[in-house]
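Engineer: structure, please.
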Amino acid sequence: MVTVMNDILKNNIQYLKGVGSKKAEAYQKLGLSTIQDLLRFYPRTYLDFSEPVSIFDAIVGDTVIIKATVFKKQPEQRIRKGMSIFKAFVTDHVQNMTITIFNSKYLYDSLEFGQTYYFYGKISGNSFRKEMQSPVFLPADTKEIVQPIYHQTEGLSSKLIRKNM
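Structural biologist: Residues are numbered from 1 along each chain as shown. Purely as a prediction, here's the structure:
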(Lines give C-alpha, C1' and ligand atoms only; values in the text may rest on other atoms or scores of the structure.)
Protein backbone atom coordinates (compact mmCIF):
# COMPACT_ATOMS: atom_id res chain seq x y z
CA MET A 1 0.00 0.00 0.00
CA VAL A 2 2.79 2.46 0.94
CA THR A 3 4.71 1.56 -2.21
CA VAL A 4 1.63 2.23 -4.37
CA MET A 5 1.18 5.66 -2.73
CA ASN A 6 4.84 6.53 -3.27
CA ASP A 7 4.53 5.53 -6.92
CA ILE A 8 1.47 7.78 -7.36
CA LEU A 9 3.24 10.73 -5.73
CA LYS A 10 6.17 10.33 -8.12
CA ASN A 11 3.91 10.55 -11.19
CA ASN A 12 4.46 13.49 -13.49
CA ILE A 13 2.17 16.39 -12.59
CA GLN A 14 0.72 16.41 -16.12
CA TYR A 15 -1.24 13.24 -15.27
CA LEU A 16 -3.11 15.00 -12.47
CA LYS A 17 -6.73 15.57 -13.51
CA GLY A 18 -7.11 19.00 -15.12
CA VAL A 19 -3.40 19.69 -15.60
CA GLY A 20 -2.17 18.29 -18.94
CA SER A 21 1.07 19.05 -20.74
CA LYS A 22 0.72 22.86 -21.12
CA LYS A 23 0.03 23.49 -17.44
CA ALA A 24 2.73 20.96 -16.55
CA GLU A 25 5.20 23.17 -18.43
CA ALA A 26 4.04 26.16 -16.37
CA TYR A 27 4.46 24.14 -13.17
CA GLN A 28 7.95 23.18 -14.34
CA LYS A 29 8.85 26.91 -14.34
CA LEU A 30 8.08 26.86 -10.62
CA GLY A 31 10.28 23.78 -10.13
CA LEU A 32 7.34 21.39 -9.80
CA SER A 33 7.34 18.23 -11.88
CA THR A 34 5.65 15.57 -9.73
CA ILE A 35 2.48 15.34 -7.66
CA GLN A 36 4.69 15.15 -4.57
CA ASP A 37 6.38 18.45 -5.57
CA LEU A 38 2.94 20.07 -5.81
CA LEU A 39 1.92 18.82 -2.36
CA ARG A 40 5.10 20.31 -0.91
CA PHE A 41 4.60 23.67 -2.65
CA TYR A 42 3.65 25.88 0.27
CA PRO A 43 1.78 29.19 0.01
CA ARG A 44 3.80 32.40 0.22
CA THR A 45 1.02 34.06 2.24
CA TYR A 46 -2.68 33.84 3.06
CA LEU A 47 -5.62 36.18 2.48
CA ASP A 48 -7.95 36.31 5.46
CA PHE A 49 -11.41 37.48 4.40
CA SER A 50 -12.85 37.28 7.93
CA GLU A 51 -12.43 40.98 8.79
CA PRO A 52 -13.70 43.19 5.95
CA VAL A 53 -13.87 46.96 6.32
CA SER A 54 -16.78 49.14 5.24
CA ILE A 55 -16.51 51.08 2.00
CA PHE A 56 -16.81 54.29 4.02
CA ASP A 57 -13.86 53.33 6.26
CA ALA A 58 -11.66 52.16 3.36
CA ILE A 59 -8.85 54.67 2.80
CA VAL A 60 -7.92 55.60 -0.76
CA GLY A 61 -4.56 53.98 -1.57
CA ASP A 62 -4.96 51.13 0.94
CA THR A 63 -5.38 47.49 -0.02
CA VAL A 64 -8.42 46.17 1.85
CA ILE A 65 -11.17 43.58 1.94
CA ILE A 66 -14.72 44.84 1.39
CA LYS A 67 -17.92 42.83 1.80
CA ALA A 68 -20.52 44.19 -0.62
CA THR A 69 -23.51 43.28 -2.77
CA VAL A 70 -23.68 43.74 -6.56
CA PHE A 71 -26.56 46.07 -7.41
CA LYS A 72 -25.79 47.13 -10.99
CA LYS A 73 -23.70 45.94 -13.93
CA GLN A 74 -22.83 48.06 -16.96
CA PRO A 75 -22.48 46.67 -20.48
CA GLU A 76 -19.00 46.01 -21.81
CA GLN A 77 -17.03 49.09 -22.89
CA ARG A 78 -14.54 48.59 -25.71
CA ILE A 79 -11.85 51.25 -25.50
CA ARG A 80 -9.72 49.96 -28.38
CA LYS A 81 -9.13 46.77 -30.28
CA GLY A 82 -8.53 43.92 -27.87
CA MET A 83 -9.26 45.99 -24.73
CA SER A 84 -12.56 45.79 -22.85
CA ILE A 85 -13.61 47.27 -19.53
CA PHE A 86 -16.40 45.83 -17.40
CA LYS A 87 -17.91 47.78 -14.49
CA ALA A 88 -20.08 46.55 -11.66
CA PHE A 89 -21.45 48.63 -8.81
CA VAL A 90 -21.55 47.26 -5.29
CA THR A 91 -22.87 48.47 -1.98
CA ASP A 92 -22.41 47.63 1.68
CA HIS A 93 -25.74 49.44 2.31
CA VAL A 94 -23.92 52.53 3.59
CA GLN A 95 -21.83 53.55 0.57
CA ASN A 96 -21.39 52.40 -3.02
CA MET A 97 -18.22 51.45 -4.87
CA THR A 98 -17.30 50.70 -8.50
CA ILE A 99 -15.58 47.43 -9.39
CA THR A 100 -13.61 47.57 -12.66
CA ILE A 101 -12.49 44.41 -14.44
CA PHE A 102 -10.21 44.55 -17.48
CA ASN A 103 -10.45 42.11 -20.42
CA SER A 104 -12.20 39.30 -18.53
CA LYS A 105 -15.81 38.77 -19.45
CA TYR A 106 -15.67 35.45 -17.62
CA LEU A 107 -14.77 37.13 -14.30
CA TYR A 108 -17.33 39.87 -14.88
CA ASP A 109 -20.06 37.32 -15.66
CA SER A 110 -19.24 35.44 -12.47
CA LEU A 111 -20.40 38.48 -10.47
CA GLU A 112 -24.13 37.90 -10.04
CA PHE A 113 -26.64 40.69 -9.52
CA GLY A 114 -27.92 40.73 -5.93
CA GLN A 115 -25.15 38.46 -4.61
CA THR A 116 -22.73 39.43 -1.85
CA TYR A 117 -18.97 38.98 -2.25
CA TYR A 118 -15.69 39.70 -0.51
CA PHE A 119 -13.53 41.97 -2.70
CA TYR A 120 -9.78 42.28 -2.08
CA GLY A 121 -7.85 45.04 -3.78
CA LYS A 122 -6.51 48.58 -3.71
CA ILE A 123 -8.97 51.42 -3.21
CA SER A 124 -8.77 54.31 -5.67
CA GLY A 125 -10.94 57.34 -6.32
CA ASN A 126 -11.82 59.77 -3.53
CA SER A 127 -13.81 59.83 -0.28
CA PHE A 128 -17.13 60.08 -2.11
CA ARG A 129 -16.56 57.84 -5.12
CA LYS A 130 -14.42 54.80 -4.41
CA GLU A 131 -13.28 52.22 -6.91
CA MET A 132 -11.43 48.90 -6.89
CA GLN A 133 -9.72 47.66 -10.06
CA SER A 134 -9.26 43.98 -10.86
CA PRO A 135 -10.00 42.74 -7.33
CA VAL A 136 -9.72 39.19 -6.09
CA PHE A 137 -13.23 38.21 -5.05
CA LEU A 138 -15.14 35.28 -3.66
CA PRO A 139 -18.73 34.67 -2.63
CA ALA A 140 -19.55 35.82 0.90
CA ASP A 141 -21.10 32.43 1.72
CA THR A 142 -17.84 30.56 1.07
CA LYS A 143 -16.63 28.23 3.79
CA GLU A 144 -12.96 28.79 2.86
CA ILE A 145 -12.56 32.27 4.37
CA VAL A 146 -8.74 32.02 4.51
CA GLN A 147 -7.25 31.57 1.04
CA PRO A 148 -3.64 30.50 0.36
CA ILE A 149 -1.68 32.63 -2.12
CA TYR A 150 1.03 30.81 -4.07
CA HIS A 151 3.99 31.99 -6.12
CA GLN A 152 2.71 32.15 -9.67
CA THR A 153 3.87 32.08 -13.25
CA GLU A 154 2.17 32.78 -16.56
CA GLY A 155 -0.70 30.34 -17.02
CA LEU A 156 -1.01 29.47 -13.32
CA SER A 157 -3.09 31.46 -10.85
CA SER A 158 -3.35 30.84 -7.12
CA LYS A 159 -6.94 29.74 -7.72
CA LEU A 160 -5.83 27.09 -10.22
CA ILE A 161 -3.03 25.88 -7.94
CA ARG A 162 -5.55 25.58 -5.04
CA LYS A 163 -7.83 23.55 -7.32
CA ASN A 164 -4.98 21.22 -8.32
CA MET A 165 -4.00 20.77 -4.68
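
Engineer: hey, let's count contacts and neighbours off CA atoms from now on
Structural biologist: OK.

Engineer: surely N126 and G61 touch.
Structural biologist: No: counting by C-alpha atoms under 8 Å, G61 is not a contact partner of N126; they are 9.5 Å apart.

Engineer: how long is stretch 102-114 from one end to the other?
Structural biologist: 21 Å (C-alpha to C-alpha, to the nearest Å).

Engineer: ok, residues contacting it?
Structural biologist: 69-73, 82-88, 101, 134 (C-alpha atoms under 8 Å, 6 or more residues apart in numbering).

Engineer: for this structure, which helix or strand comes out least confident on mean pLDDT?
Structural biologist: Least confident element among the helices and strands of the chain, by mean pLDDT, DSSP states H and E: helix 2-9 (a mean of 66).

Engineer: burial count for R78?
Structural biologist: 12 (other C-alpha atoms under 10 Å).

Engineer: where's it relative to S134, distance?
Structural biologist: Relative to S134, R78 is positioned 16 Å away (C-alpha to C-alpha).

Engineer: got it, and F113?
Structural biologist: Distance of F113 to S134, given as C-alpha to C-alpha: 18 Å.

Engineer: more neighbours: which of those two?
Structural biologist: Taking other C-alpha under 10 Å, F113 and S134 do not tie; S134 has more neighbours (19 against 15).

Engineer: what residues are up against the more buried one?
Structural biologist: The contact partners of S134, taken as C-alpha under 8 Å, 6+ apart, are I99, T100, I101, F102, G121.

Engineer: how distant is the helix or strand containing the second one from the center of its chain?
Structural biologist: Secondary structure here is read from DSSP states H and E; on that basis T100 sits in strand 96-102. A distance of 15 Å separates the centroid of the chain from that of strand 96-102, by C-alpha atoms, centre = their mean, to the nearest Å.
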